[in-house]
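> sequence unknown, structure follows:
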C-alpha cells in the first residue's frame, strides 16, 4: 500500500506520530545540551584582592548556587588585563569561559594601545553591567603629604620629586593619575605595579609617595591606619569614607572618575545562554543582601540588559578616548 492510498485519517495519525517522535528526539538532544552541565570559569585580568577580583568572587559564588555548577575564578593579571581579555576572546563560545571586563579592557585599552590582539566590540558578547567603584588617593600616614593641598604645593615646588603609583599602565587608576597631573600641571613620576595591592603595600611601607586605588581593596588598609585617604574621585562623599573630601570639592570641578565592570562572553555564544546568564546575574545584583554587601564594600551595584551594556561600552570607549587625548597619557 502506497502512502497516497492511505485513508486520510490514517495519514493524519502517522503524521502526528512522526511529529511526536521528532519532538521526543529533539527534547533528548536539548537535554544533552543543557547549560551549564559543568563548571564555569570566569577570567579576571587583575590580581587577587583587587576590586574586580573581590566583586567577581562574591557574584561567582552566588551564580554557582543558582546554576548548580562550580564557578571558578581564574586571575590572569598583566598587560593592563589584555592577556586575560585575549584569552577569553580566543576561547570557545560555549558559555563555559566568561570574562569580567572593566573600563580598562573595554574602554581605555582600545585607545591607549596602538594594536591589540582582539577587538573589544567584535570579539565579545556583553552580558551585564554589574557595578561602579570610585578611586581614592592614598598616602603614607606618616609622610609630609598630610592633605591634598599640601601634596599639590610640594609637587609644584619640587617637580619630579613625588611618585604616584597605579595598578598598571593603561588602567583607569593610571589614567586617573594622569588626569590629575594634567589638570594641575604637576610633574610626578608614575610607577606602575602588577597589582593594586602591591602599590598600596609600598605606600604603607614608605617606598611610594601616593597611589590611586579603588575603594573596595583600599578600605581595609585605610581602616587599619596603614594608609591615609586624602581625596576621592566621586562627586559626592562616599558613605564608606565620609571624612574624605572629593576632588570636586577640593577645587577640581567635575573631576569624576569611576571604574566599572561587567560580564562578557566570547562572541558567537548562543543568545539563550546570554539571556540565562543575564537573568541570573540581574537577580543576584538585585538581591538586597548582595547589594548591601557590595555597597558596604564601596561598590555601587548596577544592572542592565545585554544591549544596554553593549551601548554603554561604546559610549565609554568614546569618553575614555577623549580622556587619553586630553591627558596625553602614554604607555611607559
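Arrived safely, thanks for sending. As the structure is a prediction and not an experimental result, all values here were calculated from the model. Residues are numbered from 1 along each chain as shown.
> and residue 200, how many neighbours?
When neighbours are counted by other C-beta atoms under 10 Å, residue 200 registers 25. (Glycine included, C-beta is placed from N, CA and C.)
> Let's verify it: helix, strand, or coil?
What DSSP: H, G, I helix; E, B strand; the rest coil gives for residue 200 is helix.
> average pLDDT across the helix or strand encompassing residue 178?
Assigned by DSSP states H and E, residue 178 falls within helix 172-184. For helix 172-184, mean pLDDT is 89.
> Also stretch 261-277?
98.
> Likewise for stretch 285-296?
94.
> Okay, buried residues for it please.
285, 290-291, 294 (16 or more other C-beta atoms under 10 Å).
> just stretch 247-264 next, same as before
Buried-residue list, stretch 247-264, by 16+ other C-beta under 10 Å: 247-248, 250, 252, 255, 257-264.
> which stretches of the stretch 151-300 of the chain form helices?
172-184, 196-204, 215-224, 271-286, 288-296 (DSSP state H, counting those that start in this stretch).
> Outside of the first one itself, list whatever touches it.
The one in question is helix 172-184. 102-104, 108, 135, 137, 152, 155-156, 164, 166-168, 186-188, 190, 192, 196, 211-214, 233, 247, 252, 255, 257, 259, 320, 323-324, 326-329 (C-beta atoms under 8 Å, 6 or more residues apart in numbering).
> again, but for stretch 292-300
51, 54-55, 58, 131-134, 214-216, 218-219, 238-241, 258, 285, 301.
> residues contacting the spatially closest residue to residue 275 that is not a sequence neighbour?
Distances taken as C-beta to C-beta, 6 or more residues apart in numbering place residue 306 nearest to residue 275, at 7.6 Å, with adjacent residues excluded. Residues in contact with residue 306 (C-beta under 8 Å, 6+ apart) are 125-128, 274-275, 278.
> Mind doing that once more with 6 Å?
126-127, 274, 278 (C-beta atoms under 6 Å, 6 or more residues apart in numbering).
> got it, and residue 212?
By C-beta under 6 Å, 6+ apart, the neighbours of residue 212 are 135, 137, 173, 176-177.
> Now compare those residues and name the two farthest from each other.
Within the contacts of residue 212, two members stand farthest from each other by C-beta to C-beta: 137 and 173, at 10.2 Å.
> Which among the contacts of helix 172-184 count as buried?
Buried by 16+ other C-beta under 10 Å: 102-104, 108, 135, 137, 152, 155, 164, 166-168, 186, 188, 190, 192, 196, 211-214, 233, 247, 252, 255, 257, 259, 320, 323-324, 327, 329, out of the contacts of helix 172-184.
> Appreciated, that's everything.
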